[in-house]
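Peer 1: Sharing a sequence plus its predicted fold:
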Amino acid sequence: MTQTVRHFLDLKDLTSEELRHILDTAKSWKQARQGRPKGALDTGAPLTGHALAMIFEKSSTRTRISFEMGMQQLGGSSLILQSDSMQLGRGETVSDTAKVLSRMVDAIMIRANSHDAVVELAEEGTVPVINALTDRSHPCQLMADILTYEEHRGSVAGKKFAWVGDGNNVATSLIEAAVRFDFELVLACPEIYAPDADVLAWAASEGGKVRYTTDPKEAATGADCIVTDTWVSMGDKDAEERHKNLAPYQVNADLMALAAADALFMHCLPAHREEEVTTDVIDGSQSVIWDEAENRLHAQKAVLAWCLGKI
Ligand code: CP
Ligand code: NVA
């Protein structure tokens, strides 16, 4: 009997129940290890003996450290592989790489330039593949973000989120999160950096409460959470033009003032102060960015355990 491999490529690929189960696990495992040294093993070390290969085609601080520490806490091990020091960087195919890695590790995490390559890796290998950011999406980030919102404000269902800025990969995963976790989302982006039309169409087809506007004030008004990201993602070549076009989309005190009085501010980091967000907002009392960063660890441990059939 063939068993289905549990990949974590995009939030839309999982059911709401599966995503909720992963988040509930993350919450309880986080609580269970409060106050313990960060390198200490989790009780039961559920991934003992399991190895994760981590392939990076792009830079990373949070993703790399959270996956590496996560595997350590769960009793497993991890390998950091920069793609330019692999044969992959010299033309070995994704398909052949998938087959070789599948013989030696239990799961693969990849941060890739091309989403298609990640899908191919999953199709051609026999072990779970986790998307750790592509040009399309960043699902792990959103698991951490929903965990963070709910720690501070309770269930995200029925809340209003506003995305202000570039309709990029993180925005795509936020749209998918809005559908799967049942919250309202208004994205304010200039037309040239509008969110992916296919994802917006998918959200509509699923009955999601997701809307696109070019007006940041409209998105921010009454929001329970305002989210932004860099104006220049890894791989973008038109930094100067982006700064010019996105200047009206800065998250600042005036924009935050339109949101609900207890609204949170989120940013996946790294941030560019006085560009997409002002210093007073990112370091202010509504900002939960450090919790978001920490929660990458807790959310991804549960993702790993789910992919490996432990939860
Ligand atoms: N937010 C995020 O993915 O951070 P890194 O690029 O540092 O991994
Ligand atoms: N949108 C950003 C996210 C970085 C974590 C990028 O792709 O560079």
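Peer 2: Noted; the coordinates are in hand. Ligands and ions are numbered 1, 2, ... in the order given.

Peer 1: What pairs with the helix or strand Phe161 falls within, parallel or antiparallel?
Peer 2: Assigned by DSSP states H and E, Phe161 belongs to strand 160-164. Looking at strand 160-164 with DSSP bridges, its partner strands are strand 184-188 (parallel), strand 225-228 (parallel).

Peer 1: distance of the single nearest residue of the stretch 151-300 of the chain relative to ligand 1 from Arg33?
Peer 2: Residue nearest to ligand 1 within the stretch 151-300 of the chain: Cys268 (3.9 Å; CB to the nearest ligand atom). The way it works is simple: take the backbone N, C-alpha and C, and place the C-beta from them, glycine included. In this view, Cys268 and Arg33 are 23 Å apart by CB to CB, to the nearest Å.

Peer 1: can you pull the contacts of the residue nearest to the residue of the stretch 151-300 of the chain closest to ligand 1 when sequence neighbours are not counted?
Peer 2: With sequence-adjacent residues excluded and distances taken as CB to CB, 6 or more residues apart in numbering, Cys268 is closest to Gln141, at 4.8 Å. Gln141 sits next to Leu133, Val170, Ser173, Cys268, Arg296 when contact means CB atoms under 8 Å, 6 or more residues apart in numbering.

Peer 1: Val281 touches Phe265, doesn't it?
Peer 2: Yes - Val281 is within contact range of Phe265, at 5.7 Å (criterion: CB atoms under 8 Å).

Peer 1: Find residues that contact each of these two.
Peer 2: Listed as contacting both Val281 and Phe265 by CB under 8 Å, 6+ apart are Val251, Met256, Ser287.

Peer 1: Kindly indicate the member of the residues you listed with the most neighbours.
Peer 2: Val251 (25 neighbours; other CB atoms under 10 Å).

Peer 1: Report pLDDT for it.
Peer 2: The per-residue pLDDT reported for Val251 equals 98.

Peer 1: again, but for Gly89
Peer 2: 88.

Peer 1: Now do the contacts for the residue of the stretch 151-300 of the chain closest to ligand 1.
Peer 2: Applying CB under 8 Å, 6+ apart, we find Cys268 in contact with His138, Gln141, Asp145, Val170, Asp229, Glu292.

Peer 1: returning to that earlier point: okay, the strands paired with strand 160-164, which one's buried deepest?
Peer 2: strand 225-228 (a mean of 27; mean count of other CB atoms under 10 Å).

Peer 1: does any part of it sit near ligand 2?
Peer 2: No - figure legend: strand 225-228 not in contact with ligand 2 (CB under 6 Å from any ligand atom); closest approach 10.3 Å.

Peer 1: which residues are in contact with that strand?
Peer 2: With CB under 8 Å, 6+ apart, strand 225-228 has contacts from 145, 149, 153, 159-165, 170, 174, 220, 249, 251, 255-256, 259, 263-267, 276-277.

Peer 1: got it, and stretch 286-297?
Peer 2: So stretch 286-297 is contacted by 26, 30, 62-63, 65-66, 69-70, 73, 140-141, 144-145, 147-149, 151-152, 256, 263-269, 271, 281-282 (CB under 8 Å, 6+ apart).

Peer 1: Can you list which of the residues you listed are found in strands?
Peer 2: Judged by DSSP state E, the subset of the contacts of stretch 286-297 located in strands is Leu264, Phe265, Met266, His267.
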